[in-house]
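When you get a sec, could you give me coordinates for this:
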Amino acid sequence: MLMDHNPNRNNNAVYLGENIYASTADKAKPSDAVTYWINESKDYNYKTNTCAAGKVCGHYTQVVWRSSTKIGCARVKCSNIKYGATILCNYEPGGNYNGQKPY
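Below is the predicted model:
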């Protein structure tokens, strides 16, 4: 079981981006999540603003989105789900707009 994106994160009239990192490791750290998201950069082509086929790059592009000025992160430990350590970050304003490059 994974945590879903918060469907109510945009109720404040500003679009919020959201990255979620889930781990089975009890001691997962925020730096683990950021490293995982940044590693998606190897599959991102800035020139064409595309991600390699079958790969995910949206976490990376959200982390480096040029117009995001605020970030809030939390770590939750839930022993009753498969991925018990979850790290979630919200970005304001969110990024990943079609046709726009992150930086």
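
three-state assignment of the residue positioned nearest the centre of the chain?
Geometric centre of the chain, nearest residue: N19, 2.1 Å, by CA atoms, centre = their mean. Following DSSP: H, G, I helix; E, B strand; the rest coil, the label given to N19 is strand.

which residues touch it?
By CB atoms under 8 Å, 6 or more residues apart in numbering, the contact list for N19 reads 33, 37, 59, 62-63, 88-89, 91. (C-beta placed from N, C-alpha, C; glycine too.)

ranges for the strands of the protein?
Ranges of strands in the chain, per DSSP state E, are 17-23, 44-45, 50-51, 70-77, 85-92.

could those strands be laid out in TSV, adding distance to K101 and mean pLDDT?
What follows is the strands of the chain, written out as TSV (distance: least, CB to CB, whole Å; pLDDT from 0 to 100):
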stretch	distance to K101	mean pLDDT
strand 17-23	15	92
strand 44-45	10	98
strand 50-51	11	98
strand 70-77	20	90
strand 85-92	16	92
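
Can you give me the distance of the residue nearest to the centre of the chain to T61?
Distance from N19 to T61, counting by CB to CB, to the nearest Å: 10 Å.

and if you look at E40?
In terms of CB to CB, E40 sits 8 Å off from T61.

of those two, who's got more company?
Neighbour count, other CB atoms under 10 Å: between E40 and T61, T61 has more, with 23 against 19.

Excluding sequence neighbours, find me the nearest residue to the more buried one.
P102 (4.2 Å; CB to CB, 6 or more residues apart in numbering).

what's the one you found in contact with, if anything?
Here P102 is in contact with 61-62, 64-66, 95-96 (criterion: CB under 8 Å, 6+ apart).

Got a quick ChimeraX command for the buried subset of these?
Restricted to buried positions by 16 or more other CB atoms under 10 Å, the ChimeraX selection for these reads:
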select :61,62,65,95
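
Name the nearest of the contacts of P102 relative to S23.
Nearest to S23 among these: Q62, at 18.6 Å, using CB to CB.

Hmm, G17 and the closest one touching each other?
Yes. The pair Q62 / G17 is scored as a contact, 4.5 Å apart, by CB atoms under 8 Å.

Fine by me, thanks again.
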